[in-house]
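S.K.: predicted structure and sequence below. I'll ask about it afterward.
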Amino acid sequence: SNEAPDKTGWEISLELPIFDTGSARLARAEAVYRQALNRAAETAITARSEVREAWSASRSTWEIARYHREHIVPLRQRIAEENMLRYNGMLIGVFELLADARAQIASVNAAIEALRDFWLAQADLDMALIGRPAQTLAAPSPGRAADAPAHARPH
């Protein structure tokens with residue numbers, strides 16, 4: 001009959017590297033190495049950029065806060081004292097005195113906000129220096145604060 005004989009036993013197959021010189025594996029390994037090297041260089045460049053931006057923001061907000069503390073607030077204090085003397089001398093009315101007090105309060109609030117901005121920028125710089133991803137820590141806008149859950153709102 002035309003039936004194929006049944007084979008029994010073990011069969012071993014060996015690949016002889018006559019035509020396989022390993023160049024494909026070597027090229028792939030070199031490509032993976034270059035890709036990892038490029039990712040490392042990109043990460044280093046990004047990290048330096050984040051630190052540079054955070055340092056610049058910290059420095060500029062410090063200058064603004066210092067200007068408020070050393071110049072604007074003392075000037076508004078002196079103006080308030082002068083206006084109090086003018087009020088005592090009946091040269092200005094109570095409404096002018098109240099308007100001046102309101103302006104002085106606004107200047108102190110601006111100084112506090114400038115100092116807050118500095119500390120937020122300093123925190124961003126610290127995060128960039130220790131290697132955390134850069135995320136601005138700025139406070140949410142008043143509209144978004146109202147939408148926040150009750151446990152997330154400041155007390």
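M.R.: Here it is on my side, so go on. Numbers count the residues shown, from 1 in each chain.
S.K.: for the rest of this, base every contact and every neighbour count on C-alpha atoms.
M.R.: Will do.
S.K.: output the contacting helices and strands for the helix ranked longest in the chain.
M.R.: Longest helix in the chain, counting residues (DSSP state H): helix 23-67. Here helix 23-67 touches helix 94-130, going by 3 or more Cα pairs under 8 Å, 6 or more residues apart in numbering; DSSP states H and E.
S.K.: now the helix it packs on, how far from the chain's geometric center?
M.R.: 20 Å (Cα atoms, centre = their mean, to the nearest Å).
S.K.: flag every buried residue along that helix.
M.R.: Neighbour counts over helix 94-130 (16 or more other Cα atoms under 10 Å) mark 97, 100-101, 104, 107-108, 110-111, 114-129 as buried.
S.K.: quick revisit: any idea which helix or strand comes after the longest helix of the chain?
M.R.: Going down the chain from helix 23-67, the next helix or strand is helix 73-88, by DSSP states H and E.
S.K.: can you list contacts of that following helix?
M.R.: If you take Cα atoms under 8 Å, 6 or more residues apart in numbering as the criterion, helix 73-88 is touched by Ile92, Gly93, Val94, Leu97, Asp100, Ala101, Ala103, Gln104, Ser107, Val108, Ala111.
S.K.: what sits against the fifth one?
M.R.: Contacts for Asp100 were tallied using Cα under 8 Å, 6+ apart; they are Ala80, Asn83.
S.K.: recalculate using a threshold of 7 Å.
M.R.: Ala80 (Cα atoms under 7 Å, 6 or more residues apart in numbering).
S.K.: how long is stretch 8-26 from one end to the other?
M.R.: 40 Å (Cα to Cα, to the nearest Å).
S.K.: likewise for stretch 64-75?
M.R.: End-to-end span of stretch 64-75 (Cα to Cα): 15 Å.
S.K.: fine by me, we can end here.
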